[in-house]
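[1] give the three-dimensional model of this entry:
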Amino acid sequence: MNKLLLQSHNSYRSMRPSWFSAVDQELLQARSEIEKAPIVKKDPNFYAHIYHNVSMFKRSYELMEQTLKVYVYREGARPIMHSPFFTGLYASEGWFMKQMEANKRFLTRDPNKAHLFYLPFSSRMLEETLYVQNSHNHKNLVQYLHNYVEMIAGKYTFWNRTGGADHFLVGCHDWAPGETKVDMANCIRSLCNADVKEGFVFGKDASLPETYVRDAKIPTKDLSGNSASKRTTLAFFAGSMHGYVRPILLQHWENKDPDMKIFGRLPKSKGNRNYIQYMKSSKYCICAKGYEVNSPRVVEAIFYECVPVIISDNFVPPFLEVLNWESFAVIVLEKDIPNLKNILLSIPEKQYLRLQMRVKKVQQHFLWHKNPVKYDIFHMILHSVWYNRVFSAPAR
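    This is a model prediction of the structure:
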C-alpha cells in the first residue's frame, strides 16, 4: 500500500501560475532542500521506524517553521465562516480553524508573501446552517461555496494566479468532498472523508484525522491506556450499523468468540466509560468504515494506545506522506473480515509489542492541545498541506 500511494503522491503537479513570484521560488528551494535532507542518525523527537523517511520529514518540518506564511481570508459571514467548534465528531476542523487564525508564527497580513491561502469555512456549519432536512439536495451548499470563491477571486488576484492551487480548506463533514469537488477542485483539500473512489487526489489533497474530542477544556483527558501486558481482550469494536462493512463484521463476530468483543452500539454510560475502558484494555481496536471510509476510531485507538485495525479498502490514512502506517497499524481488506481473528492471532507477540510501542511513539502527532505544541496534530495537518504544496508546485 505505502509504495503505491507514495508513487501516486510524487507524480502530481499543480497548474502553472499565470505569473511566477518570489514565493514560488521559495517553494522550489524548499523542495530541493527536503530531497537533499541530511541523514538523521539519532533524534529524541523521532522514532524512525514510524516514518517513511525521517530525514526528509525533519527537514520539511524545519523549513515549514522557517519559511511558511499563510494568509487567512477575513471575508465570509459567521457562522459558516470563522466560527470554530471544539467537541464532537467534526472537531478537527474547528480546532484547526481556531489555532490557525490565532497563530503568530505562520500568519501573514501581506498576501503577497503567502505560500498558502486558508479558506476558513466549516463544512459542519455549512450543513447545519443551509441544509434543508430530508431534502437530499446539497445544491444550495455548493452554491454558497461557489459564491464565496467568486467573491475572493473578484476581490483579489491570488486565486486567479494559481487557479486556487495554493489555497486550502480543512473539512471533516462527510459531505465536504462533494461540496468542494467543483469550485475548489484545484485547492488542497484536507478531508476526513479521504476516499480514493470519491475524488481524493494523491499529492494534492490531504487526509484529515477525525478526532472525537469529548472535553474542549482538556482535549487530552483520559489519554493512554493499559500496558501491553494488561490488555486482556484480543479485539474490540462498538458502533452504529452505518454502511455495509459493520453489519458484515457483526454477522461474523458478534457473540461468536470470547476473544472478540464486537458489538453494535453500547448502552450509554457517563462519559462513555464502557467504550473507553474497552479501548484501554484491548490489544487491537477495529476501525471499520461506516457510511464513508473514515472513522474516529482510528485516532481513538492511537489516543488509548490500542493498535488500530483499519477495515476500509479505499481509505487514505492521515499524514500518509510521512507516516508509515504499516509499522504501527494493521490493514485488513473488507473481504477478509471472516478471517479476522486468524489474521490477528497470526501476528507474533513480539510483533504486537512492537506495533503497540510504535502506537505510543506516533501518538504525539494526533493530539490537540489548548495551545499548539511542536509536532502535534495542528502542526501535522498544516505540514501535510505544506508538503503537498511544496511537492506539487511546478518548476519554472
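
[2] C-alpha only now, for contacts and for neighbours.
    Noted.

[3] Ile286 falls within a strand, correct?
    Yes. Under DSSP: H, G, I helix; E, B strand; the rest coil, Ile286 falls within a strand.

[4] contacts only, for it.
    Shown in contact with Ile286 (C-alpha atoms under 8 Å, 6 or more residues apart in numbering): 235-237, 297, 308-311.

[5] which ones are touching the residue most central in space within the chain?
    Nearest to the mean C-alpha position of the chain, by C-alpha atoms, centre = their mean, lies Leu208 at 1.9 Å. When contacts are counted by C-alpha under 8 Å, 6+ apart, Leu208 touches 92, 170-172, 190-194, 318-319, 381.

[6] in strands, which of the contacts of Ile286 fall?
    Secondary structure assignment by DSSP state E places 235-237, 308-311 of the contacts of Ile286 in strands.

[7] run through the strands of this protein in chain order.
    Taking DSSP E as the test, the strands found in the chain are 70-72, 116-118, 167-171, 188-191, 206-207, 233-237, 260-262, 282-288, 307-311, 330-331.

[8] roughly how far apart are the residue nearest to the centre of the chain and Ala165?
    According to C-alpha to C-alpha, to the nearest Å, Leu208 stands 18 Å off from Ala165.

[9] please apply the same query to Asn140.
    Using C-alpha to C-alpha, we find Asn140 at a distance of 24 Å from Ala165.

[10] who has more neighbours, the two?
    Ala165 (26 against 15; other C-alpha atoms under 10 Å).

[11] contacting residues around that one?
    14-15, 159, 186-188.

[12] between these, which is nearest Gln99?
    Ranked by distance to Gln99 (C-alpha to C-alpha), these are led by Ile188 at 18.5 Å.

[13] list the contacts of that closest one.
    165-169, 204-206, 385, 388-389.

[14] by neighbours, which of these wins?
    Among the contacts of Ile188, Ala206 has the most neighbours (other C-alpha under 10 Å), with 31 neighbours.

[15] and it, bridged to which residues?
    In this entry, Ala206 is beta-bridged to Ser190, by DSSP bridges.

[16] confirm for me that it is in contact with Pro318.
    Yes. Here Ala206 reaches Pro318: they are 7.3 Å apart, a contact under C-alpha atoms under 8 Å.

[17] in stretch 381-396, what counts as buried?
    381-394 (16 or more other C-alpha atoms under 10 Å).

[18] cool, and stretch 91-104?
    With burial defined by 16+ other C-alpha under 10 Å, the residues of stretch 91-104 counted as buried are 91-101.

[19] and for stretch 241-261?
    Taking 16+ other C-alpha under 10 Å as the criterion, stretch 241-261 shows 241, 245-250, 253-254, 260-261 as buried.

[20] and the contacts of it?
    So stretch 241-261 is contacted by 233-237, 262-264, 288-292, 334, 337-338, 341 (C-alpha under 8 Å, 6+ apart).

[21] now the buried members of those.
    Using 16+ other C-alpha under 10 Å as the burial test, the contacts of stretch 241-261 include 233-237, 262-263, 288-290, 292, 334, 337, 341 as buried.

[22] residues contacting Phe366?
    The neighbourhood of Phe366, defined by C-alpha under 8 Å, 6+ apart, consists of 209, 299, 302-303, 376-377.

[23] all helices for the chain, in order.
    Under the criterion DSSP state H, helices of the chain are mapped to 2-11, 22-35, 54-67, 91-101, 123-130, 139-155, 158-162, 176-180, 245-253, 273-281, 297-303, 340-345, 349-362, 377-392.

[24] which among these is found nearest to His115?
    Between the helices of the chain, helix 22-35 lies closest to His115; by C-alpha to C-alpha that is 5.9 Å.

[25] now do the buried residues in that closest one.
    In helix 22-35, the ones that count as buried by 16+ other C-alpha under 10 Å are 23-24, 27-28, 30-31, 34.

[26] kindly report the same for stretch 42-52.
    46, 48, 50-52.

[27] for stretch 313-326, same thing?
    Residues of stretch 313-326 classed as buried by neighbour count (16+ other C-alpha under 10 Å): 313-325.

[28] what pLDDT, on average, does that stretch get?
    If you average the pLDDT over stretch 313-326, you get 97.

[29] chain center to it: distance?
    Chain-centre distance of stretch 313-326: 9 Å, with C-alpha atoms, centre = their mean, to the nearest Å.

[30] with stretch 377-386 instead?
    Distance, stretch centre to chain centre, for stretch 377-386: 9 Å (C-alpha atoms, centre = their mean).

[31] same deal with stretch 148-165?
    Distance, centroid of stretch 148-165 to centroid of chain: 26 Å (C-alpha atoms, centre = their mean).

[32] now do the buried residues in it.
    Buried-residue list, stretch 148-165, by 16+ other C-alpha under 10 Å: 148-149, 152-153, 158-159, 161-165.

[33] domain ranges for the chain?
    2-214+370-392, 228-366 (automatic domain parsing).

[34] export those to JSON lines and tack on distance to Asp222?
    Conversion of these to JSON lines gives the following (distance: least, C-alpha to C-alpha, whole Å):
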{"stretch": "domain 2-214+370-392", "distance to Asp222": "10"}
{"stretch": "domain 228-366", "distance to Asp222": "8"}
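
[35] contacting residues for Val23?
    For Val23, the contact set (C-alpha under 8 Å, 6+ apart) comprises 113-115.

[36] Leu320 versus Ser295, what's the distance?
    Taking C-alpha to C-alpha, one finds Ser295 at 16 Å from Leu320.

[37] ditto for Ala216
    Ala216 is 27 Å from Leu320, where distance means C-alpha to C-alpha.

[38] swap in Gln251?
    31 Å.

[39] same thing with Asp222?
    Asp222 sits 26 Å away from Leu320, going by C-alpha to C-alpha.
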